[in-house]
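In: Pasting a predicted model and its sequence here:
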Amino acid sequence: ITSARGDQFIAGNAFCKNLPNFTAINLMPLSEKNSINLIENILQKIDAIPQRLKTIIIKKAEGNPYYIEEIIKDLIERQIITIEKTEEPSGQIIEKWLIDEYKITDDLGVPETLEGLIQTRIDRLPSEEKILIQEASVQGKDFWETALIEFENKAMTGANSIQFFIPLQQRISNIQNKEFIFQKPISHFSQDIEYSFKHSFTRDVVYSTIPGKMRKMYHETMAGWLEKNTKDRPEENLPLLAFHYENAALSEKAMEMYFLAGNYFKINYDNLKAIDLYKKVLELVPIDITQENPIILRTKKQLGELLSLVGQYAEADLYLIEVLQKEKISTEKAELYIKLGKLEELRGDFNKSLEYYQSAKNEISNLPQDTVSLLIARIYNGIAFAYFRKAETDNALENAKTALSILENRKTYVRKLDDEKIVAEIA
């Protein structure tokens with residue numbers, strides 16, 4: 001089960017509706033009756049809620065429960081609604097809410113949009129609290145106390161240092177009391193305290209208020225914090241780390257992280273995720289980096305292989321041919337011919353597949369055979385598959401036996417994972 005705002009779901013709907021057993025449940029705006037119930041529930045400590053106030057809130061919110069909540073919070077912050085606390089003789093604290101009806105205007109002085117209302121509430125925060133919630137928003141919907149400490153330590157050093165006069169915990173508590181955030185019962189990172197924005201939309205609005213230059217600095221700080229705190233499980237955090245380096249405008253570092261993340265998901269057979277991550281590498285290539293750059297060539301090679309596996313043959317072919325034209329090392333070129341041979345086999349063009357495998361053989365024919373025996377075995381294995389798919393079983397068996405014989409003669413036979421994979425294919 002997942003949720004998305006309507007504006008977010010439009011792009012994904014075309015994909016999702018074709019999934020088996022997929023059901024979309026559209027949540028309609030609250031009815032007037034349900035909106036009144038929500039208002040009365042939130043303001044239950046008021047003896048008599050003016051009907052006029054209910055009518056104005058319902059009209060402004062248009063059935064959006066989140067908007068209703070934010071309007072009431074805004075009214076409290078502007079003291080149109082005030083909270084009085086009295087202590088009973090028993091020591092019990094009694095809380096009573098009061099409304100200043102004279103301050104109720106026709107539009108309540110509330111911005112016309114939910115985004116505008118949240119931004120108004122953010123701008124109303126004291127500067128130290130506003131900085132804190134902006135630092136939190138850079139981390140995402142969920143964020144951690146030690147990361148906030150890292151942000152504050154950075155802010156207090158350097159030429160444009162900032163001094164904080166209210167302790168961090170007090171500021172966090174103040175923001176919690178205003179219901180922007182809440183503390184989660186369990187933290188993703190042990191020995192740390194994790195918080196979350198009450199609503200992802202709030203986080204997005206807060207993030208949008210950060211000036212561009214400051215935003216880059218915050219993302220760089222967050223990337224540094226992540227690298228220090230994810231050493232025990234670095235691979236699963238690589239996409240997030242790459243995201244922060246990207247938004248810190250550190251393109252080469254982001255490219256490296258996206259590439260490593262792609263490798264991780266490829267190894268774990270999540271080909272579509274790996275493809276997305278490899279494509280992110282290419283999106284970030286700076287203008288001044290040559291297309292012969294090793295990471296670009298490796299990325300395109302991986303994309304060619306994975307795209308062929310998911311049936312996107314034309315795109316795969318473009319990447320592999322492009323890399324082949326730039327590659328200068330014979331063994332690497334042979335690898336590419338093997339990938340192209342496999343691609344054509346999957347496409348159903350078995351003759352072209354055999355041509356590529358022959359090109360792979362020719363590419364390494366002048367190299368000492370004992371140094372490329374595994375590569376040769378893979379070539380014969382590919383040829384065997386192509387012949388098998390052509391229904392030429394005798395040729396298929398002959399080449400499979402050749403591949404197996406080469407592997408059996410390797411001193412490291414069975415100890416190498418690659419060998420075992422090829423033996424399994426041949427079998």
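Out: Right, received. Where do you want to start?

In: got a list of what Ile364 touches?
Out: 330-331, 334, 372, 375-376 (C-beta atoms under 8 Å, 6 or more residues apart in numbering). C-beta here means a position set from N, CA and C on the backbone, and glycine is covered the same way.

In: quick one: it from Gln325, how far?
Out: The spacing between Ile364 and Gln325, counted by C-beta to C-beta, to the nearest Å, is 18 Å.

In: Then Ile379?
Out: Distance of Ile379 to Gln325, computed by C-beta to C-beta: 20 Å.

In: hang on, Glu252 packs against Asn293?
Out: No - counting by C-beta atoms under 8 Å, Glu252 stays clear of Asn293, with 9.5 Å between them.

In: quick revisit: neighbour-wise, which of the contacts of Ile364 leads?
Out: Ala334 (25 neighbours; other C-beta atoms under 10 Å).

In: Thought Ala360 was touching that residue, still the case?
Out: Yes - in this structure, Ala334 is within contact of Ala360 by C-beta under 8 Å, at 4.4 Å.

In: what touches both of these two?
Out: Joint contacts of Ala334 and Ala360 (C-beta under 8 Å, 6+ apart) are 375, 379.

In: Give me the number of neighbouring residues for Arg347.
Out: 16.

In: Show me where the stretch 51-200 of the chain dips below the pLDDT cut-off.
Out: 158-160 (pLDDT under 70).

In: ranges for the strands of the protein?
Out: Under the criterion DSSP state E, the chain contains strands at 81-87, 93-99, 142-144, 181-183, 194-197.

In: Roughly how far does the closest residue to Lys300 other than its chain neighbours sit from Leu375?
Out: Closest residue to Lys300 apart from its sequence neighbours, by C-beta to C-beta, 6 or more residues apart in numbering: Tyr319 at 4.4 Å. Separation of Tyr319 from Leu375 (C-beta to C-beta) stands at 21 Å.

In: can the strands of the chain go into a markdown table with extra columns for mean neighbour count and distance to Leu27?
Out: Formatted as a markdown table, the strands of the chain follow (neighbours: other C-beta atoms under 10 Å; distance: least, C-beta to C-beta, whole Å):
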| stretch | mean neighbour count | distance to Leu27 |
| --- | --- | --- |
| strand 81-87 | 12 | 28 |
| strand 93-99 | 12 | 29 |
| strand 142-144 | 20 | 23 |
| strand 181-183 | 16 | 22 |
| strand 194-197 | 20 | 20 |
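
In: who wins for proximity to Leu303 among those?
Out: Closest of the strands of the chain to Leu303 is strand 142-144, at 31.3 Å (criterion: C-beta to C-beta).

In: Give me the packing partners of that closest one, helices and strands only.
Out: strand 194-197 (3 or more C-beta pairs under 8 Å, 6 or more residues apart in numbering; DSSP states H and E).

In: Sheet-wise, list the partners of the strand it packs on with their directions.
Out: Within its sheet, strand 194-197 is paired with strand 142-144 (antiparallel), strand 181-183 (antiparallel), according to DSSP bridges.

In: I figured Ala254 was touching Pro239, is that so?
Out: No - with contact defined as C-beta under 8 Å, Ala254 does not count as touching Pro239 (10.6 Å).

In: Out of those two, name the residue with the larger neighbour count.
Out: Applying other C-beta under 10 Å to Ala254 and Pro239 shows that Ala254 carries more neighbours, namely 24 against 19.
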